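Participant: sequence and computational prediction follow.
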Amino acid sequence: MNLNTKTLPAAIGAALAGGLFFGLINEGGETFALIMSPKAVGEREGTWNDTDKAVAGAVSYTDGLANTIAMAEAGSALAQWARQLDIEGHTDWYIPSRDELELAYRNLKPSTEENTQYGRSGENPSALPPTHAYTSSMPAQTMAETFVAGGAEAMESEWYWSSTQHAAHPSFAWYQYFSYGDQFNFRKSYEGRARAVRRFKI
């Protein structure tokens, strides 16, 4: 795809490359455009994995694709579902990493609720530009109309799995709450939501 930072769509939520554009991220020193899957085919509920055993190779804060491949190889039905998606001919979908999922909340926040200011929720050194912890009012509700609460593409006001396993406690993985932005971790055998994404280098 012949896109760069000057030719990307200006608007968050614009249709692009099989889904909807939601931001830029730095991964391994390279810039990637992030694409959210259409909700009708790219969102589901499930456990991170049916076992709480550690999954080698699923601890990246930025590389959701590598995490998801490791999860799938370890037997995660959620990861296998994401890897099998074929949307408009694109077959490289995955569960977003913690930093990728944070960027989704920051740019696609569905509600007008105040953001959590707990811990370091919102700090994202991988986002372009890098971001700091949330304030009560920032980020604000998204300007992308289809992602506003009740819209066809809106994230539910619930928590969503990232593909990033907790490094110190491997029976847990990170999540992002899309009501008020809490970033925390939960036991991997619990059921949550997931929304597949894809990316491409620019």
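Facilitator: Right, received. Where do you want to start?
Participant: gap between the closest residue to I69 other than its chain neighbours and K39?
Facilitator: The spatial neighbour of I69 that comes closest, neighbours along the chain excluded (Cβ to Cβ, 6 or more residues apart in numbering), is R83 at 7.1 Å. Bear in mind the C-beta positions are built from the backbone N, C-alpha and C, glycine included. Distance of R83 to K39, given as Cβ to Cβ, to the nearest Å: 19 Å.
Participant: quick one: contacts for the most centrally placed residue in the chain?
Facilitator: Geometric centre of the chain, nearest residue: L101, 2.7 Å, by Cα atoms, centre = their mean. For L101, the contacting residues are G64, Y160, S162, W174, Y175, Q176, taking Cβ atoms under 8 Å, 6 or more residues apart in numbering as the criterion.
Participant: need the contact partners of the longest strand along the chain.
Facilitator: With secondary structure taken from DSSP state E, the chain has its longest strand at strand 19-27. Strand 19-27 is contacted by residues 5, 8-9, 11-15, 31-38, 42, 62-63, 87, 90, 99-100, 103-104, 106-108, 126-128, 144, 146-147, 153, 197-199, 202 when judged by Cβ under 8 Å, 6+ apart.
Participant: export the following helix or strand past that strand to PDB, keeping only CA atoms.
Facilitator: As assigned by DSSP states H and E, the chain's next helix or strand after strand 19-27 is strand 30-36. Provided in PDB are the C-alpha atoms of strand 30-36 (Å, rounded to 0.1, in the frame of the first residue of the first chain):
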ATOM      1  CA  GLU A  30       9.300   1.700  12.600                       C
ATOM      2  CA  THR A  31       6.000   3.600  12.100                       C
ATOM      3  CA  PHE A  32       2.800   1.600  11.600                       C
ATOM      4  CA  ALA A  33      -0.800   2.700  10.900                       C
ATOM      5  CA  LEU A  34      -3.300   0.800  13.000                       C
ATOM      6  CA  ILE A  35      -6.600  -0.500  11.600                       C
ATOM      7  CA  MET A  36      -9.600  -1.500  13.700                       C
END
